[in-house]
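**Student:** Below is the sequence, then the predicted model.
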Amino acid sequence: MTSIADLRKSYERAELSEDASRADPLAQFDQWLQEAIAAEVPEPNAMTLATVGSDLRPSTRVVLIKGFDARGIVWYTNYHSRKGQELAGNPYAALQFHWVELERVVRIEGVVEKVSADESDAYFHSRPLDSRIGAWASPQSEVIPGRSLLVANAARYGAQFLLNPPRPPHWGGYRLQPDNWQFWQGRKSRLHDRLRYRPDAAQPGAWIRERLAP
């Protein structure tokens with residue numbers, strides 16, 4: 001059996017230099033995301049979301065990015081879930097994308113707010129019918145007696161709403177407004193490229209780009 005301590009990989013696919021990177025981190029993120037999609041990496045839109053509860057214990061889970069622009073990064077979920085409850089008490093969170101095949105990581109930190117009801121409605125009604133029913137059927141993060149409860153709930157709400165379920169009041173979107181970006185490109189000998197972007201206090205809307213030691 002191979003020891004996990006002996007598992008190693010040499011990262012040699014690409015590099016990330018200050019000259020070749022974008023001045024705006026959102027543009028850099030868009031470029032890398034599009035390259036991940038073009039490379040057909042598995043679920044390029046998957047990101048780890050980290051939150052911290054009132055007990056100061058961090059928790060992570062994988063969610064899917066559903067939009068981004070100058071206002072921030074958007075995903076959708078159950079507001080009553082653990083992450084929803086933690087964000088209600090502490091709106092600061094972190095996101096991480098890991099595109100293994102491209103040897104790249106993007107880390108994003110910032111404050112989170114709910115998106116508008118209109119945005120949540122629009123996205124909810126674009127989802128497949130079974131996903132819309134599922135938003136009603138699952139009391140996310142709660143203890144349940146078994147899968148049969150989910151199946152029964154789905155059947156009940158399916159019969160109630162037929163082909164037009166409304167958006168549940170406990171379900172909607174969040175937007176993380178970035179105030180710190182990091183782009184990591186694996187390099188040989190563990191001398192990885194790591195660029196951080198932080199707001200330029202002297203020039204609103206601009207970013208300071210700096211290299212961090214790996």
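**Tutor:** Good, I have the coordinates. Residues are numbered from 1 along each chain as shown.
**Student:** drop to CA atoms for contacts and neighbour counts, all remaining ones
**Tutor:** OK.
**Student:** Tell me which stretches of the protein form strands.
**Tutor:** Secondary structure of the chain by DSSP state E: the strands cover 46-52, 58-64, 67-69, 72-78, 92-99, 104-114, 171-185, 193-199, 207-211.
**Student:** Neighbours of Leu87, how many?
**Tutor:** 23 (other C-alpha atoms under 10 Å).
**Student:** bridging residues for Arg61?
**Tutor:** Note on Arg61: beta-bridge partners by DSSP bridges are Leu49.
**Student:** so who does it touch?
**Tutor:** 48-50 (C-alpha atoms under 8 Å, 6 or more residues apart in numbering).
**Student:** Mind checking which of those residues are buried?
**Tutor:** Those of the contacts of Arg61 that meet the buried threshold are 48-50, by 16 or more other C-alpha atoms under 10 Å.
**Student:** With distance to Pro42 and pLDDT added, can I get those residues in JSON lines?
**Tutor:** Converted to JSON lines, the buried ones among the contacts of Arg61 look like this (distance: C-alpha to C-alpha, whole Å; pLDDT from 0 to 100):
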{"residue": "Thr48", "distance to Pro42": "14", "pLDDT": "98"}
{"residue": "Leu49", "distance to Pro42": "18", "pLDDT": "98"}
{"residue": "Ala50", "distance to Pro42": "21", "pLDDT": "98"}
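**Student:** Including distance to Pro128, could those go into JSON lines?
**Tutor:** Putting these into JSON lines (distance: C-alpha to C-alpha, whole Å) gives the following:
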{"residue": "Thr48", "distance to Pro128": "23"}
{"residue": "Leu49", "distance to Pro128": "24"}
{"residue": "Ala50", "distance to Pro128": "27"}
